[in-house]
Every structure is written in structure tokens, then in C-alpha cells.
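J.: let's see this in three dimensions:
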Amino acid sequence: MNNEKISVIVPIYNAEEYLEKCLNSILGQTYTNLEIILVNDGSKDKSLEIMEKFKNQDQRIIIINKENGGVSSARNRGIEMATGKYVIFIDADDYIEPNMFEVLEEDLFKNNVDMSMCGYRNVDINGNILYESKPMAEKYFDARVFKNNLFKDDYYRDLICNKLFKLEIIKDNNIRFHEDIHVNENILFLLDFSKYAFRYSFGNEMLYNFLYNTSGATHGKFNLKKVSILSSYMRLLTYDLSPDILNKIKYRYLFEGYAFTYLMKKINIDNTELKKNLVEFKNKYYSDVKREKTIGIKRKISLWLMMHCTDLYCKIRKDI
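T.: I've put the predicted structure just below:
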């Protein structure tokens, strides 16, 4: 074990129900050289009270209070304060296994990688396991493989919290979370990191427990913040990704964009600007989607129906 300091950044917003379990799992780590940065993102519940109680018990804890600005702005404030050799992000409603930091730090140091990552579980509020991430065949891989794996529906995709980063890469290259993006912000951060990080490692041990909360930002009812995913797709198209991945992103922009026009109309929000953007995007990129062989015929038919019979198709599909 190298025993370099790890900066642990925890963005916190109204997390009183889960926060004690999260913090206990961090303080109970077998790896003890920690700087624990708790970023209170304008919580209105008892979260700050809980933070202060834990700080009185452990001087490794630093509390930052800020106005509510979202998880990305909270993580960015944490990055600015961090002084460790390595950095990891933990969400306030999740918890980790006691040896997580030790395993990741040893892997990162011994094998001279820029990022080490572990497996994770989706758990419900009672701790029941809903899903375990799939194992990887290879232990080490380069940035190209890492970027491609981000778009696979398998073991880790864009989860940020199962990864230990070299902090100097983030700070030296001014890598930050995109604060105007509320969906896909993790994948943009990881792609920015991959421009400067060249060696990655993965361990199959399940060390991170991700609370699958259907009332959270990703799974809750439709709100305008979700439309920011379209902006993230536009940014993703500027990265050096394989043509098939870029075409799948174009597919998602069109399919979800037209679904958003329906949902906005349903709650009486003006969707004129979005419709205009969709027409321009379709004229520019739809031919690429039609030619893409890795997009199946059923998905292409679904997209055609979504674009040309939006209201009817969305009414038929109960998951929209």
C-alpha cells in the first residue's frame, strides 16, 4: 500500500435519510489517509446537522457550504478544495465496502494506471441486491477501449463513483463537470479525463453499493432538466468516438428529442424551439442513422414512427 492521501468528495443535498450510512462506510475504510470533503449543496433538511456531528468526531472531515447549484457544481467545488494525490466521488445516498479505497489505491499505485475502478451493485433501500455489474475480460486497457466501453450497456458505463482518479490529471488539465448538464454529466467528465489519461484498470470485486432510487433525478417524472440530455448528446458528437457510437448518439438525440416534444406539449410547455432544433438535426444527421448497420431495423422503424407519428406513438408506448 502506497498510503498517499485520497480526497473523498461527497456532494450532499437533502440526504438526511441516507447520509449517516454513507459517512459511516467512508469513515470505516481500512485505508485511513483520507481527506473527506462534504459539499453541502444548499440542503434544507438536517443534512448539515449530520455533517457537523460527524466532523466533531473525525477531523479528516471538511465541510463546504454553498447555494444549491446541482451535483456537478458541488463536485467542482470539491475538486477545487482537494489536496490529495488521488480523488474519488461518493454519492450521499450510497455506501461502500470497507476495503474499497484500499483495493483501488493499491491497484492504481502498483500498476501505474491513471484510473482504477471496481464493480458495483444496485441495491434497494433495504439493501437487497437488484443488479451486479458484469465482469470484464481484460484487467488493463487504454483510453480508446475505455471510451468505447462507456457506451456499452454493461458493467460500469458512466458511473463515476466506482473510480479512483489521479487528481493531478484533473487539476493540471482543468477537467470539471459540466454544470449546465443534468443528465450524462458523468460521461462527459470521463471523456474529458480520457484525453489526458492513458492507462486504466478494472477489478471485478463488488465494492460500491449504488442506491437505485426511482424518485431520483434519473428515474423521476419528466422535468425540463431532463431535456439537457440533448445538449449532452450534442457535446458528445464533438469527441473522438467511433462512427457507430456517434451514429447511435444521433439516434438517441432524435428519438428522445421527439419524445420530449410530446411530454412538453402534454404539460403545456412551449416546444417550438425544440421542434426547430430537431428539424435541423434531422436534416443533418438522419441519413447517418439510416445507414448505420449496428442500429437494428426495429429501432429504425421505431424512430421513423416517433418522428412522423409522435403523439400516437408516445400514447401507445407506456414507458414514455
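J.: mind pulling up the pLDDT for the spatially most central residue of the chain?
T.: Relative to the mean C-alpha position of the chain, the nearest C-alpha, by C-alpha atoms, centre = their mean, is the one of residue 186, at 3.4 Å. Here the pLDDT value assigned to residue 186 is 93.
J.: need the contact list for it.
T.: Residue 186 sits next to 158-160, 177 when contact means C-beta atoms under 8 Å, 6 or more residues apart in numbering. Using the backbone N, CA and C atoms, a C-beta is placed for each residue, glycine as well.
J.: which one of those residues is nearest to residue 35?
T.: residue 160 (18.2 Å; C-beta to C-beta).
J.: distance of that closest one from residue 242?
T.: Distance of residue 160 to residue 242, computed by C-beta to C-beta, to the nearest Å: 22 Å.
J.: neighbour count for those two, which is higher?
T.: More crowded of residue 160 and residue 242, by other C-beta atoms under 10 Å: residue 160, with 20 against 13.
J.: the more buried one is in contact with residue 88, isn't it?
T.: No - between residue 160 and residue 88 there is no contact under C-beta atoms under 8 Å: 9.1 Å.
J.: look up the closest residue to residue 199, ignoring the ones flanking it.
T.: residue 113 (4.5 Å; C-beta to C-beta, 6 or more residues apart in numbering).
J.: ok, which stretches of the chain are strands?
T.: 6-12, 34-41, 61-66, 86-89, 95-96, 115-123, 129-132, 140-141, 163-166, 200-211 (DSSP state E).
J.: in JSON lines: these, plus distance to residue 265 and mean neighbour count.
T.: Below are these laid out as JSON lines (distance: least, C-beta to C-beta, whole Å; neighbours: other C-beta atoms under 10 Å):
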{"stretch": "strand 6-12", "distance to residue 265": "33", "mean neighbour count": "26"}
{"stretch": "strand 34-41", "distance to residue 265": "32", "mean neighbour count": "24"}
{"stretch": "strand 61-66", "distance to residue 265": "36", "mean neighbour count": "16"}
{"stretch": "strand 86-89", "distance to residue 265": "37", "mean neighbour count": "26"}
{"stretch": "strand 95-96", "distance to residue 265": "41", "mean neighbour count": "23"}
{"stretch": "strand 115-123", "distance to residue 265": "33", "mean neighbour count": "22"}
{"stretch": "strand 129-132", "distance to residue 265": "34", "mean neighbour count": "12"}
{"stretch": "strand 140-141", "distance to residue 265": "44", "mean neighbour count": "16"}
{"stretch": "strand 163-166", "distance to residue 265": "39", "mean neighbour count": "24"}
{"stretch": "strand 200-211", "distance to residue 265": "33", "mean neighbour count": "20"}
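J.: tell me how far the residue lying closest to residue 2 once chain neighbours are set aside lies from residue 85.
T.: Excluding the flanking residues, the one nearest residue 2 by C-beta to C-beta, 6+ apart is residue 109, at 3.9 Å. As judged by C-beta to C-beta, residue 109 and residue 85 stand 9 Å apart.
J.: what do the two both touch?
T.: Joint contacts of residue 109 and residue 85 (C-beta under 8 Å, 6+ apart) are residue 4.
J.: determine how far the last residue of stretch 290-310 lies from the first.
T.: By C-alpha to C-alpha, to the nearest Å, the extent of stretch 290-310 from end to end equals 18 Å.
J.: scratch that, stretch 32-50
T.: Start and end residues of stretch 32-50 are separated by 21 Å (C-alpha to C-alpha).
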